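Visitor: Structure of the sequence below:
(one chain, ligands or ions: 1)
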Amino acid sequence: MSRENVVWVDGVVCSMEAAGVSPVAHGLHYGTGVFEGVRCYATSQGPAVFRLPEHLARMKRGADALAMPFDEAAVTGGVVDLLRANGLSEAYVRPLSYYESGGLSLDVAPLHARHLVAAMPWKSHLGSTEERGGVRLHTSSVRRTAASAVPPLKLCGNYVNAILAKLEATRAGYDEALFVDEQGYVCEATGENVFFVKDKQVIAVAHPDALPGITRATVLDLSGGVERAVTLEELRDADEIFLTGTSAELAAVGTFDARRLAPGPVTRELARLYQAAVHGESELSRGWLLPISAS
Ligand code: PMP
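Guide: Predicted coordinates for the structure are as follows:
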């Protein structure tokens, strides 16, 4: 088994093939699972995982919503064991907990959950948008699932909503979709939170239906920015717009519907500060990195 082709499953590191998934897994049929997207970065102390407790605390809230048992300490151990086993110095790490067996009824009480951690060499899902002058962002006609319908957590099935918005955007020639609510307030993108800069002030879009992003919280700390509700009209008038997410990091928006924006100096400086933080080169990031080296 190749070192990279391994996965952690309920306490054991095994090959991806050996992990197996039942064709009648509850999570496969109904999306009854919760996942996280976490990053491991190369630092002077070797590979280190960025803000793992915050990711697993959010995952626990998702598991609680599904009445699924979830052991944060066990999954932390799984992340460390897997990264030691696969030898990747930088990786995108995907913990996933889902209902596997116990039937296909909608009552989850009799079901048995499985807990996995996978890891892979990292590539931003927004790809090399920077080389093309920034993300091309499209205001979606698809509405974000309301928090009153599905809590804004990383629940597997709810990502169909994001995928439909992304499909509309890519079909129209854009990279990413922006969710806006019926009242005209900006919510988030399909896999990132939204920030903008106006007159040098950094503003994080706040919306009850948006995922409480860990990159968003980090960038608020690094920038001293403010968070508040923002209308689409106000966003259209921004000096700079950028998206934040574990995978995308800070991604400058270069096209917003019909408008071109130059990726600006505030976004560039915050992207630099963020890189310093995730690589352990900033005072602030000391408590944010979990080194995985065996010693
Ligand atoms: N919104 C959604 C819908 C997401 O899936 C993500 C990615 N987890 C984000 C925002 C950004 O969150 P984070 O910074 O915690 O990765």
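
Visitor: Now do the SS call for the residue nearest to A238 when sequence neighbours are not counted.
Guide: Excluding its sequence neighbours, the residue lying closest to A238 (C-beta to C-beta, 6 or more residues apart in numbering) is F196, at 3.7 Å. Where you see a C-beta, it was placed from the backbone N, CA and C, and this is true even at glycine. Using DSSP: H, G, I helix; E, B strand; the rest coil, the structure places F196 in strand.

Visitor: which residues does F196 bridge with?
Guide: Beta bridges link F196 to I203, I241, judged by DSSP bridges.

Visitor: which ones are touching the residue in the stretch 51-200 of the chain positioned nearest to the ligand?
Guide: Per C-beta to the nearest ligand atom, G191 is where the stretch 51-200 of the chain lies closest to the ligand, at 4.3 Å. Residues counted as contacts of G191 (C-beta atoms under 8 Å, 6 or more residues apart in numbering) are 125, 162, 176, 245, 247-248.

Visitor: would JSON lines of the residues you listed with distance to L52 be doable?
Guide: JSON lines is the format used below for these (distance: C-beta to C-beta, whole Å):
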{"residue": "H125", "distance to L52": "20"}
{"residue": "A162", "distance to L52": "23"}
{"residue": "E176", "distance to L52": "26"}
{"residue": "G245", "distance to L52": "16"}
{"residue": "S247", "distance to L52": "15"}
{"residue": "A248", "distance to L52": "19"}
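
Visitor: Which pLDDT does the model give the residue nearest to A238?
Guide: On the pLDDT scale, F196 is placed at 98.

Visitor: next one: the one 4 residues further on
Guide: According to the prediction, K200 has pLDDT 95.

Visitor: Could you give the backbone dihedrals for it?
Guide: Torsion angles at K200 (phi, psi; degrees, to the nearest 10) stand at phi 70, psi 0.

Visitor: Who are the contact partners of the closest residue to C40 other than its chain neighbours?
Guide: Leaving aside its sequence neighbours, C40 sits nearest to A91 (C-beta to C-beta, 6+ apart; 4.5 Å). A91 makes contact with 39-40, 47, 83, 119-122 under the criterion C-beta under 8 Å, 6+ apart.

Visitor: Among these, which are located in strands?
Guide: 39-40, 47, 119-120 (DSSP state E).

Visitor: Of the residues you listed, select the buried ones using a PyMOL command.
Guide: The buried residues among these can be selected in PyMOL (16 or more other C-beta atoms under 10 Å) with this line:
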select buried, resi 39+40+47+119
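
Visitor: still on that earlier bit, surely the residue of the stretch 51-200 of the chain closest to the ligand is within a helix?
Guide: No. Counting by three-state DSSP, G191 falls outside a helix, being coil.

Visitor: element containing the nearest residue in space to L284 that is not next to it in sequence?
Guide: Leaving aside its chain neighbours, L284 sits nearest to A277 (5.9 Å; criterion: C-beta to C-beta, 6+ apart). Taking DSSP states H and E as the definition, A277 sits inside helix 265-278.
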